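**Student:** from the sequence below, what's the structure:
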Amino acid sequence: MKTTILISSILLGSTSLIAHAEEITEETALDTVKVSADFRELDLQQIPSAITVVGEDDIQNRSADHLESILSLAPNVNFSSGASRGRYFQIRGIGERSQFVDAVNPSVGLIIDGIDMTGLGGAATLFDVEQVEILRGPQGTAFGANALAGAINIKSKQPTKETEGYLEAKAGNYNTQGLGGAISGSLTSNLQARFAINTTLSDGYMENVHLNRDDTNNIDETVARAQLNWQANGYNSFRFSLLKSDIDNGYDAFSLDNNRTTYSDSPGKDTQDTTASSVKWENTSNENFIVEVLASYNESDIVYAYDEDWAYGTYDYPSYACITSSGPCIADFNYDATDEYIRNYDRSNIDIRFLSNTDSRLFNETTNWTMGIYHLKRDESLTRNHIGNYLDGSQFTSELNQTSTALYTELSSQISNETILTYGVRIEDWTNDYQDSGAINENKNEVLWGGKITLENMLNSYQLAYGSLAHGYKAGGVNSNPDVSIENRTFTTETNNSIEIGLKSSLLNDDLTTRIAVFYIQRKDQQVKSSYPETVGEAEVWKEYLSNAAEGHNYGLEIESHWDITPTINWDLSLGLLKTEFTDYSYTDEDSNFIDKDGDAQAHAPEYSLATAFTFRLQEHINLRVESEAKDEFYFSDSHYEKSRSFVLIHAQLQYQKDNLTVSLNGHNLTNKDYAVRGFGFDNDPRTDNDPTQHIQLAAPRLISLNGRYNF
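**Tutor:** Below is the predicted model of the structure:
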C-alpha cells in the first residue's frame, strides 16, 4: 500500500510538473541524444517510439561492468540470472528466463556494435561503451523474429580524429579488481582507430564451506574491442568492429539455505569465449539513393555447468536438522550429480539496405523510403553431460541449423508541416532444422511477417505526440525432450499486436525533458516453458518443454524524465507500471492436478519498477549522486507459483573530478538488501520431506568500490 501511494504521488507530481512547465516554457528545440538502432540515426526526443538511452555517464555513475547493472534505468525492463551474470532479458513482461537443453528463439534482440549477439548476453560488458539503447515494444520491421518484445543496442565509443585515451582502475570488496584502457586517434588523414581492453575480477559473493573457498562463484572477464573508421573517398566509408570476449566465471550460486553459503563439491562454471566482427559500408555515389551494407559474424563457445545436488557426495548433514512429516531426523542422502552444457554458436548475417536521399523522395518529395534484404545463418550445437549416481551418464547431443531471409520496407510521409506517417513491413522466410542423439529429426519452415504504423505530430516546437500499431513475431521450434508427445513435438510462431501512445517534451528551456508512453499488447499463441519432475532413484530430474499454451494481455505506463532543477542539482526518474495476465492457459501438474492460470500474471513481470537519482554538485570538483531503485514482486516461472519479494535498493557515488583525473567512491545496495535474480519452486533439500519449496539465487550484496580514471 505504501508503494502504491508513493507511485501515485510521483505520477500526480509529474503530471502537475509537466502542466506547469508547459505554461512557463519558451519555445526551444528538442534535446539531442542520437539513437543509431533504427534505420536512420535520429534524436531520442524526435523518435516516435519508447526508447531509453543509457549514456556513458550513467554507466560510470553505477560503476557498471555489465548490462545487468543498468537495466533498471529503463522502465518495465527486467532480467533473470541463473548464471554468473543476468543474461536473459524481459521487456514489458516478455522474454526468456533460462536455457538448458532446448534451443531458444529469444524475444529480445541484442546487438553489440552491429554484431548480432542475441541470446549471448554474457558478453554484454560495458567498458568503453558510449551508450546503451533499449527499444521497448515489437521491432518487427527493423529486427524481425529476434525482437518480439524489443531490442537492446550497445554502441561502443567510436574512433576520434584527435589522439585521446584513458586508463581506468577499480578496487572493491570481495576482492574486486578492474583494470582497463582505451586509445583513439587518426592513423592517416582518412583512417581513424580505437582500441580498448579491460579485465574485471572478483571472488564473488558466495562462500563454499565444504571446500573452504570464497571464490567458487567468481568473476573473471577480459574483453577487447577494436574500431576502425575509413573514409575511402568522398562517396564510400567503412566502419569495422572487432570484439574478443573471454569470460571465465565460476558458478556456485544456489544454496540449500537460500543464503550465500554453499556446500557443493563440484562447483560449476559459466564461460563464454567469443570472437566477433562486423563491417558497415556506406555509399552515396548514386544520386537516387544511399546504399548501406552491414555484415557481421560471431563464433562463441559456451560452457554452463553446475553441481545439481548443491551438496557434496554422501552429505549426511551431521550438524543440520532434517525435517520430515514424521519429525526430526538425520538426512541420509546419497544423490550426487552434475550437469554440464557445452554449446557452440556460429552466426553470420548480412543486411543490404537502400535509403532515399533528399533528391529521391517519393510523392512530390514528401516521403522518405527504406528497403532492404536480410539474410541470417545460425548454427548451434550442444553437448550435454548429465552425470550422477542415479543417472545413466549418457551424453546428449543436438544440432540446430537456422536460416532466415527477409525483405523489408519502410516509408515515412510528411502529411503536413507538423505530421508524419511512418509505415513499414517485413516478410521473413524462416527455416529451422533440428536433430539430436535422441533420434529426433525435425525440419520446420515458416513465412513470418511483422510491421508497424506510426502517426506522429509536433504539437509545438517542444512537444512530440505519437501513436503506433505494431505486429511482432517470434519463430516456432522443436522440443528435444523425447517424452513429449508427438503433437507437442513442435511449437508454432508466437505473435503480438501492440498499441502505443506517447508524448515527448523538452521544457523549461531544455532543463526538463520527459518521455511518457502507454501501451497495450495482445499476445497470441504464447510460447510457455513448462516443466515436470521425474524421480530417478533419489534424484528429482526436471524435464522441460515449450508449447503454445496461452494467450495474454500486457499493458502499462512508462515515464522518464531528466530535470536540471538548478545549475547544481538534477533529478532523473524512470517509472514503469505493468499489468500482465494469461487469458487462456491451463495445464496438468506432476500430481495430475488441473491448474488453471487464467487471469494470473506472467513470469518476471513486476507490476512496478522505479529508478530515481539526485545529483548534487557540492563544490566545483565534487559531485554526490544518490540513487534508489525499487521493483515489485513477480513470479519466477509460468509453471509454479513461487515469487520474488519486492525490494528497494539505495546506491550512492561521491566523485572528484579535476582536469584529466576522476576518482569516485561507489556504493551499491548500501542497505545490504537480499533479493532474488532467479528462483525455482521444487525441493532440492534432503532435510525436508520432498515438499515443494522456494530456491533462489541472490543478487549482489553491499558493494563498495574505489574507481580512478586518467584521461590523456
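**Student:** residues near the residue nearest to N76 when sequence neighbours are not counted, how many?
**Tutor:** Of all residues not flanking N76 in the chain, G576 sits nearest, at 3.5 Å (CB to CB, 6 or more residues apart in numbering). C-betas here are computed from N, CA, C, even on glycine. Residues near G576, counting by other CB atoms under 10 Å, number 26.
**Student:** quick check: bridge partners of T275?
**Tutor:** K244, E299 (DSSP bridges).
**Student:** got a pLDDT number for it?
**Tutor:** Note for T275: predicted pLDDT of 98.
**Student:** before we move on, which element is the residue nearest to N76 in?
**Tutor:** strand 569-582 (DSSP states H and E).
**Student:** what are the buried residues along that strand?
**Tutor:** Under the neighbour-count criterion of 16 or more other CB atoms under 10 Å, strand 569-582 has N570, D572, L573, S574, L575, G576, L577, L578, T580, E581, F582 buried.
**Student:** so in terms of bridging, what pairs with V223?
**Tutor:** Beta-bridge partners of V223, as defined by DSSP bridges: N198, S245.
**Student:** what's around it, how many residues?
**Tutor:** So V223, with other CB under 10 Å, has 23 neighbours.
**Student:** check contacts around it.
**Tutor:** Contact analysis of V223 by CB atoms under 8 Å, 6 or more residues apart in numbering lists A123, T125, F127, I197, N198, L243, K244, S245, D246.
**Student:** the fourth one contacts L179, correct?
**Tutor:** No: using CB atoms under 8 Å, I197 is not in contact with L179; the gap is 9.1 Å.
**Student:** with adjacent residues omitted, what lies nearest to the residue sitting nearest the centre point of the chain?
**Tutor:** In the chain, the residue lying closest to the centroid (CA atoms, centre = their mean) is F89, at 3.7 Å. In this structure, F89 finds its nearest non-sequential neighbour in V108, 4.3 Å apart by CB to CB, 6+ apart.
**Student:** identify the bridge partners of the one you found.
**Tutor:** Going by DSSP bridges, V108 is paired in beta bridges with G150.
**Student:** from N669, how far off is it?
**Tutor:** As defined by CB to CB, to the nearest Å, V108 lies at a distance of 25 Å from N669.
**Student:** so between these two, which is more surrounded?
**Tutor:** Per other CB under 10 Å, whichever of V108 and N669 has more neighbours is V108, with 28 against 19.
**Student:** residues touching the more buried one, list them.
**Tutor:** 89-91, 94-96, 118, 146-152.
**Student:** where in the stretch 201-350 of the chain is pLDDT low?
**Tutor:** Applying pLDDT under 70 to the stretch 201-350 of the chain flags residues 313-334.
**Student:** which residues of the stretch 251-400 of the chain fall in strands?
**Tutor:** 261-262, 268-283, 289-307, 322-324, 327-329, 337-356, 367-388, 395-414 (DSSP state E, counting those that start in this stretch).
**Student:** ok, now the stretch 51-200 of the chain?
**Tutor:** 51-55, 77-80, 88-91, 108-112, 115-116, 129-136, 150-156, 164-172, 176-188, 191-202.
**Student:** gap between the second one and the chain center?
**Tutor:** Average the C-alpha atoms of strand 77-80, do the same for its chain, and the two points are 6 Å apart (CA atoms, centre = their mean, to the nearest Å).
**Student:** likewise for the first one?
**Tutor:** For strand 51-55, the gap between its own C-alpha mean and the chain's C-alpha mean amounts to 13 Å (CA atoms, centre = their mean).
**Student:** output that strand as PDB, restricted to C-alpha atoms.
**Tutor:** The C-alpha coordinates for strand 51-55 follow below in PDB (Å, rounded to 0.1, in the frame of the first residue of the first chain):
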ATOM      1  CA  ILE A  51      13.400   4.200 -26.200                       C
ATOM      2  CA  THR A  52      15.700   4.600 -23.200                       C
ATOM      3  CA  VAL A  53      19.300   5.700 -23.800                       C
ATOM      4  CA  VAL A  54      21.800   4.900 -21.000                       C
ATOM      5  CA  GLY A  55      24.900   7.000 -21.600                       C
END
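**Student:** residues contacting that strand, please?
**Tutor:** 33, 35, 37, 44, 70, 73-75, 77, 130-136, 560, 574.
**Student:** thought the residue nearest to the centre of the chain was touching N78?
**Tutor:** Yes: with contact defined as CB under 8 Å, F89 reaches N78; the gap is 7.5 Å.
**Student:** list residues touching both of those two?
**Tutor:** By CB under 8 Å, 6+ apart, F89 and N78 have these common neighbours: L71, G95.
**Student:** quick one, what contacts the closest residue to T493 other than its chain neighbours?
**Tutor:** Using CB to CB, 6+ apart and skipping residues adjacent in sequence, the residue nearest T493 is G476, 5.0 Å away. When contacts are counted by CB under 8 Å, 6+ apart, G476 is found next to N105, N432, K444, E446, T490, F491, T492, T493, E494, Q527, N548.
**Student:** buried subset of those residues?
**Tutor:** N105, N432, K444, E446, T490, F491, T493, E494, Q527, N548.
**Student:** pick out the most distant pair among these.
**Tutor:** N432 and N548 (14.8 Å; CB to CB).
**Student:** still on that earlier bit, measure the residue nearest to T493 to A549 for me?
**Tutor:** 13 Å.
**Student:** could you give the bridge partners of the closest residue to Y341 other than its chain neighbours?
**Tutor:** Once flanking residues are discounted, Y341 sits nearest to Y304: 4.6 Å by CB to CB, 6+ apart. Beta bridges link Y304 to D270, Y341 when assigned by DSSP bridges.
**Student:** would you confirm that Y304 contacts A253?
**Tutor:** No: applying CB under 8 Å as the test, Y304 and A253 come out as separate, 11.9 Å apart.
**Student:** these two - which one has more neighbours?
**Tutor:** Just comparing Y304 and A253: by other CB under 10 Å the higher neighbour count belongs to A253, 27 against 23.
**Student:** for T200, see how far away that one is.
**Tutor:** Distance, A253 to T200, using CB to CB: 17 Å.
**Student:** how about N259?
**Tutor:** Taking CB to CB, one finds N259 at 25 Å from T200.
**Student:** over to Y345?
**Tutor:** 22 Å.
**Student:** check N146 too.
**Tutor:** Using CB to CB, N146 is found at 27 Å from T200.
**Student:** so where's the chain shaky on pLDDT?
**Tutor:** Ranges of the chain meeting pLDDT under 70: 1-32, 313-334, 531-543, 589-592, 686-692.
**Student:** can you give the strand pairings for the longest strand seen in it, parallel or anti for each?
**Tutor:** Longest strand in the chain by number of residues, with DSSP state E as the criterion: strand 539-566. Using DSSP bridges, the strands paired with strand 539-566 in its sheet are strand 512-536 (antiparallel), strand 569-582 (antiparallel).
**Student:** in CSV, list the strands of the stretch 51-200 of the chain along with distance to Y462.
**Tutor:** Listed next are the strands of the stretch 51-200 of the chain as CSV, based on distance: least, CB to CB, whole Å:
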stretch, distance to Y462
strand 51-55, 18
strand 77-80, 27
strand 88-91, 28
strand 108-112, 31
strand 115-116, 37
strand 129-136, 23
strand 150-156, 26
strand 164-172, 34
strand 176-188, 35
strand 191-202, 35
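**Student:** mind checking those strands for the one nearest to N298?
**Tutor:** With CB to CB as the criterion, N298 lies closest to strand 115-116 of the strands of the stretch 51-200 of the chain, at 5.6 Å.
**Student:** who does the closest one pair up with?
**Tutor:** Looking at strand 115-116 with DSSP bridges, its partner strands are strand 108-112 (antiparallel).
**Student:** may I see the buried residues of the strand it pairs with?
**Tutor:** V108, G109, L110, I111, I112.
**Student:** ok, stretch 283-293 next?
**Tutor:** N283, F289, I290, V291, E292.
**Student:** roughly how far apart are the residue nearest to F89 and R87?
**Tutor:** Distance, V108 to R87, by CB to CB: 11 Å.
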